[in-house]
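S.K.: the sequence and its predicted three-dimensional model are supplied below.
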2 protein chains.
Amino acid sequence: MTKGPIALRAADVPPRARATSYPADLAAKMAGREKRVLGDLFGLANFGVNLTRLAPGAASSLHHARAKQDEFVYILEGRPTLVVGTEARLLSPGDCAGFAAGGAPHHLVNRSDRDVVYLEVGDRTPGDSATYPEDDLVATADPAGGWRYTRKDGTPL
Amino acid sequence: MTKGPIALRAADVPPRARATSYPADLAAKMAGREKRVLGDLFGLANFGVNLTRLAPGAASSLHHARAKQDEFVYILEGRPTLVVGTEARLLSPGDCAGFAAGGAPHHLVNRSDRDVVYLEVGDRTPGDSATYPEDDLVATADPAGGWRYTRKDGTPL
């Protein structure tokens, strides 16, 4: 039958302890981002759902594109700027965006003076990889569920 | 590069034309439910995201459990009652619930006098099936993405 809670208040879930898996020099760019992992608490395995808060100046991730996994965001609070390729759009609560695998690079940046809160969803299709047009970084999913990072020439970071 | 919109106001998306795929006698139980399909508009294939509205008296689905696909809901407006197995819980905006594949049967029912609005997410793992403890119904995913329904003894509806 049910394991764990049948429902949770999302904002009451403690933030994830590890702020980012990016290598140290790039991890600094994720300052001000706080993720509450929701889906895993219910035993979901096929996709993840996080409640993510961006302080002013923070970003959802490096500008990136994934090869196999789809992503989706729904804005709950605040006004993040969505950057897709070279296009930028100011979003509001109730706005949503989806990023199909193999599509343009994207991320959210909080250029406002108020916190931004959004839901993010991503599936866990195995064998994914991510490219970062603005950073000297390539990510490859490892079978344990994490990411392995190298420079674009394949050398370690 | 990007195909289609880079972002959408979820409430501006027209409701799905077909209210439910349930057979006619059970479809009547879905009166008052309106789904806005969001993920597909961005070309997402690995999971679906809908913005769903339940009028007073409406339900998210029949009480059901899935064999392979995970599901997740996040309440945006109103106070639905979540029923998991035989347990019922009144939810509020900001509450969320996940339903792992192979878990207890579940659905949301709007027993209040105001509309309920929530986001629902489900992955598209192939070969899924659904069981309905309160109804004489079994659903099997067909490869085209729809559902094939029979009675529990295998006979057609």
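M.R.: That came through, no problem.

S.K.: run the chain-centre distance for stretch A:136-144.
M.R.: Relative to its chain's centre, stretch A:136-144 lies at 14 Å (Cα atoms, centre = their mean, to the nearest Å).

S.K.: got a list of what A:Met30 touches?
M.R.: Counting by Cβ atoms under 8 Å, 6 or more residues apart in numbering or on different chains, A:Met30 touches A:Ala19, A:Thr20, A:Tyr22, A:Ala58, A:Ala59, A:Ser61. From N, CA and C alone the C-beta is placed, and that goes for glycine too.

S.K.: try 10 Å this time
M.R.: Applying Cβ atoms under 10 Å, 6 or more residues apart in numbering or on different chains, we find A:Met30 in contact with A:Ala19, A:Thr20, A:Ser21, A:Tyr22, A:Leu54, A:Ala58, A:Ala59, A:Ser60, A:Ser61, A:Leu62.

S.K.: name the helix or strand of chain A that has the lowest mean pLDDT.
M.R.: Across the helices and strands of chain A, mean confidence by mean pLDDT, DSSP states H and E is lowest for helix A:24-27: a mean of 88.

S.K.: coming back round to it: save the contacts of A:Met30 as JSON lines, and put in distance to B:Gly94 and neighbour count too.
M.R.: Supplementary listing: those in JSON lines, determined by distance: Cβ to Cβ, whole Å; neighbours: other Cβ atoms under 10 Å in any protein chain shown:
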{"residue": "A:Ala19", "distance to B:Gly94": "23", "neighbour count": "14"}
{"residue": "A:Thr20", "distance to B:Gly94": "25", "neighbour count": "17"}
{"residue": "A:Ser21", "distance to B:Gly94": "27", "neighbour count": "12"}
{"residue": "A:Tyr22", "distance to B:Gly94": "29", "neighbour count": "20"}
{"residue": "A:Leu54", "distance to B:Gly94": "18", "neighbour count": "24"}
{"residue": "A:Ala58", "distance to B:Gly94": "21", "neighbour count": "20"}
{"residue": "A:Ala59", "distance to B:Gly94": "24", "neighbour count": "20"}
{"residue": "A:Ser60", "distance to B:Gly94": "20", "neighbour count": "24"}
{"residue": "A:Ser61", "distance to B:Gly94": "24", "neighbour count": "20"}
{"residue": "A:Leu62", "distance to B:Gly94": "29", "neighbour count": "19"}
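
S.K.: out of those, which comes closest to A:Tyr74?
M.R.: A:Ser60 (12.6 Å; Cβ to Cβ).

S.K.: hang on, isn't that closest one packed against A:Leu108?
M.R.: Yes. The pair A:Ser60 and A:Leu108 passes the contact test of Cβ atoms under 10 Å, sitting 3.9 Å apart.

S.K.: how about A:Gly127, what does it touch?
M.R.: Applying Cβ under 10 Å, 6+ apart, we find A:Gly127 in contact with A:Ala67, A:Lys68, A:Gln69, A:Thr140, A:Ala141, A:Pro143.
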